[in-house]
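> sequence? don't have it. structure:
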């Protein structure tokens, strides 16, 4: 059986690939044995779950329930604790369900975690957006776009609403003349006027394909000799700046964007385990090799080494297994 992974991507460079040969029934037996009786064999659990793709973990869970009449995630939660439990639950949750839950958590309670919203929404492809929206509605009975609209305001709200449509052009062709027009319009909407016409930036950055946007940034640089990300920094601030810069970074090098997010989660006082778990659990099946390379290039230290410095125990072992592959 083939496993397309998350998301289907011919250019994927993951650390975790489908196990082959794969026997979901045997894996279910191994996990049952690891949790049965006195004590828990965390090593056996990590050896299975950190070396299977999400689709295979879902098969294991299905066999586990069929064989033992028990829910695998519930059993794992009762046997594990602290951050290892959080990581394993993330690995066991269907990916779009997991991202939908992370967005819901980011908007739950007082205030909104805009960094999480930007990380998930502003880097997602059309198909990812639509799958996350579908999962969100199924899980929470509400519309993701409506919830984001209610939790945000101003130009940041408009950016998120635009992205939630999942209607970005996916053409790989480049129209140089159109890119030149967009660059001139962006120049007029920003640097050439007092104040900023954010709607022009919104329209171009949310609807043009990544290949077309690459050309737009090039044409802008030809016009004024300035990097487009620097333009965003000068023209915007706060959440809308973060969102637009995330789009620019995704166009140029998405792996570098996630490397920076991982570094932020590990640097400073305390570790942002939620962000660390989210990025490692989802990107290990997409582009973790590229993220590790970008991390080393940006910070002069390996991602594995920083994870080892900032985490411990079986949590560290599981993260390391996912990052190393």
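Cool, got the structure. This structure is a prediction, so every number in the text was calculated from the model and none was measured.
> residue ranges with poor pLDDT in the protein?
Along the chain, segments meeting pLDDT under 70 span 1-11.
> now with 50, please.
Applying pLDDT under 50 to the chain flags residues 3-10.
> where along it do the strands fall?
Ranges of strands within the chain: none, based on DSSP state E.
> how's it carved up into domains?
Structural domains assigned to the chain are 111-164, 176-236, following automatic domain parsing.
> so what would you say the end-to-end distance of the first one is?
Just to be clear, that refers to domain 111-164. End-to-end span of domain 111-164 (Cα to Cα, to the nearest Å): 20 Å.
> ok, the last one next?
Terminal residues of domain 176-236 are spaced 26 Å apart (Cα to Cα).
> and it, how far out from the chain's middle?
25 Å (Cα atoms, centre = their mean, to the nearest Å).
> just stretch 249-268 next, same as before
Worked out by Cα atoms, centre = their mean, stretch 249-268 lies 10 Å from the chain centre.
> which helices and strands does the longest helix along the chain pack with?
Counting by DSSP state H, the longest helix found in the chain is helix 238-266. Under the contact criterion of 3 or more Cβ pairs under 8 Å, 6 or more residues apart in numbering; DSSP states H and E, helix 238-266 touches helix 114-121, helix 154-164, helix 198-207, helix 210-224, helix 228-235, helix 273-283, helix 288-299, helix 303-310. Just so you know, the C-beta spots here come from the backbone N, C-alpha and C atoms, and that holds for glycine as well.
> rerun that using 6 Å as the cut-off
Contacts defined by 3 or more Cβ pairs under 6 Å, 6 or more residues apart in numbering; DSSP states H and E place helix 238-266 against helix 114-121, helix 154-164, helix 210-224, helix 228-235, helix 273-283, helix 288-299.
> give the burial count for the residue nearest to residue 263 when sequence neighbours are not counted, as a bare number.
Among residues not flanking residue 263 along the chain, residue 299 sits closest, at 5.8 Å (Cβ to Cβ, 6 or more residues apart in numbering). The number of residues packed near residue 299 is 17, by other Cβ atoms under 10 Å.
> how about the domains of the chain, which one is nearest residue 63?
Nearest to residue 63 among the domains of the chain is domain 111-164 (22.9 Å), distances taken as Cβ to Cβ.
> give me the distance from that closest one to the chain's centre.
The gap between the average C-alpha position of domain 111-164 and the chain average comes to 13 Å, counting by Cα atoms, centre = their mean.
> now swap in stretch 24-35 and tell me
Between the centre of stretch 24-35 and the centre of its chain there are 29 Å (Cα atoms, centre = their mean).
> cool, stretch 258-270 as well?
Relative to its chain's centre, stretch 258-270 lies at 14 Å (Cα atoms, centre = their mean).
> spit out the contact partners of residue 46.
Counting by Cβ atoms under 6 Å, 6 or more residues apart in numbering, residue 46 makes contact with 317, 318, 321.
> now with 8 Å, please.
314, 317, 318, 321 (Cβ atoms under 8 Å, 6 or more residues apart in numbering).
> quick check, nearest of these to residue 291?
The nearest member of the contacts of residue 46 to residue 291, counting by Cβ to Cβ, is residue 321 at 15.6 Å.
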